[in-house]
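[1] What follows is a predicted protein model with its sequence.
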Amino acid sequence: MSLTPRMAPFAEIVAPSAWRTVDLISDLHLQAGEPATVDAWQGYLDTTPADAVFILGDLFEVWVGDDAAALPGFEAQCAEVLRAACARRPVFFMHGNRDFLVGADFAARCGMTLVADPTVLVLHGERWLLSHGDALCLEDTEYLRFRDQVRTPEWQQALLARPLEERRTLARSVRAQSEDRKRSPDMVWADVDADAARAWLRQAGASVLVHGHTHRPAIHDLGQGLRRIVLSDWDAAAHPPRAQLLCLSSTGARRVDLR
């Protein structure tokens, strides 16, 4: 499967000159049943010295619609945490494969800025290509077909027209099916396609792609001066716990363990 060429330029954010450091996080998969990770996330947002935070997808384990945050509960609590964080510094959100239904209403409620996937961040004269990463896992053809379907306005409007509790039930069913597939001995874990990553980097005029999704933190040499940096997922209840960010500054990229 080949990567469909993008004819339009990638989205671009030029950091203000006052920004010294920018934090990148992804794949926290926040859910009410895992309070340790939620607490770690809130503690991080309360204390980070970064001038801006970019969330590169899958902040939530599942998102069934912005109307969920209008009711008392987990989503509303997360909105309060984000609102407080956005009052201190800019917070940017990129959709992942789990929370692609996060919409403009929720972003406005929190004061958060939605960004396209991919987006180029220009910081200290360097161009960093940011993505969730799922669109580049070209071997996962079944998922990419699903992704194409659920990212259409028509599909999303039809789903969001259903009652909230029906959407919650559907989400629980989809998550259960996903967990069953993960336990299957035939499960194939697709990774980012190197040729596709190089093509994106060349088009973006960048030398480093930063993404999440695969939960395989590493630095990959793509050749020709190009690199791919993979963010870690978060699980504060794991042994050892995982809660890591990537800090961008004038000196480059540095991983920071928060636990």
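    Sure, I can see it.

[2] Contact partners for the spatially closest residue to residue 51 that is not a sequence neighbour?
    Spatial nearest neighbour of residue 51, chain neighbours left out: residue 19 (4.1 Å); criterion: Cβ to Cβ, 6 or more residues apart in numbering. C-betas here are computed from N, CA, C, even on glycine. By Cβ atoms under 8 Å, 6 or more residues apart in numbering, the contact set of residue 19 is 51-52, 123.

[3] Switch those residues over to TSV; also include pLDDT, distance to residue 105 and neighbour count.
    Output for those, formatted as TSV (pLDDT from 0 to 100; distance: Cβ to Cβ, whole Å; neighbours: other Cβ atoms under 10 Å):
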residue	pLDDT	distance to residue 105	neighbour count
51	98	26	17
52	98	22	22
123	98	29	20
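
[4] Of the residues you listed, which belong to strands?
    52, 123 (DSSP state E).

[5] May I see the contacts of residue 19 arranged in JSON lines, with distance to residue 204 as well?
    Putting these into JSON lines (distance: Cβ to Cβ, whole Å) gives the following:
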{"residue": "51", "distance to residue 204": "22"}
{"residue": "52", "distance to residue 204": "19"}
{"residue": "123", "distance to residue 204": "14"}
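
[6] closest to residue 169 among the contacts of residue 19?
    Distance to residue 169 across these (Cβ to Cβ) is lowest for residue 52, with 37.0 Å.

[7] Against residue 16, how distant is the closest one?
    Using Cβ to Cβ, to the nearest Å, residue 52 is found at 9 Å from residue 16.

[8] Could you do residue 101 as well?
    As for residue 101, its distance to residue 16 is 30 Å (criterion: Cβ to Cβ).

[9] next one: residue 105
    Between residue 105 and residue 16 the distance is 27 Å, computed by Cβ to Cβ.

[10] between these two, who's got more neighbours?
    Neighbour count, other Cβ atoms under 10 Å: between residue 105 and residue 16, residue 105 has more, with 13 against 10.

[11] In space, what's closest to the more buried one - neighbours in sequence excluded?
    Distance criterion Cβ to Cβ, 6+ apart; nearest residue to residue 105, sequence neighbours excluded, is residue 66 at 4.1 Å.

[12] give the contact list for that neighbour.
    When contacts are counted by Cβ under 8 Å, 6+ apart, residue 66 is found next to 101-106, 109.

[13] again, but for residue 209
    Counting by Cβ under 8 Å, 6+ apart, residue 209 touches 129-131, 197, 200-201, 226-229.

[14] Just checking, which helix or strand succeeds the one helix or strand it maps to along the chain?
    Assigned by DSSP states H and E, residue 209 belongs to strand 208-211. As assigned by DSSP H and E, the chain's next helix or strand after strand 208-211 is strand 218-223.

[15] Tell me which residues are up against that next one.
    Strand 218-223 is contacted from outside by 194, 197-198, 201, 227-230, using Cβ under 8 Å, 6+ apart.

[16] repeat that with 10 Å
    For strand 218-223, contacts defined as Cβ atoms under 10 Å, 6 or more residues apart in numbering pick out 191-192, 194-195, 197-198, 201, 207-209, 226-232, 253, 255.

[17] For PyMOL, write the selection for the buried entries among those residues.
    Command for PyMOL that selects the buried part of the contacts of strand 218-223, burial taken from 16 or more other Cβ atoms under 10 Å:
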select buried, resi 191+192+197+198+201+207+208+209+226+227+228+229+230+231+232+253
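
[18] Show me the two of the contacts of residue 209 that sit farthest apart.
    130 and 226 (15.0 Å).

[19] Now do the helices in the stretch 51-200 of the chain.
    In the stretch 51-200 of the chain, the helices defined using DSSP state H, counting those that start in this stretch lie at 74-88, 104-110, 141-150, 153-160, 164-183, 194-204.

[20] any idea which of those scores lowest on pLDDT?
    Among the helices of the stretch 51-200 of the chain, helix 164-183 carries the lowest mean pLDDT, a mean of 84.

[21] what helices or strands is that one leaning on?
    For helix 164-183, the elements it packs on are helix 153-160, judged by 3 or more Cβ pairs under 10 Å, 6 or more residues apart in numbering; DSSP states H and E.
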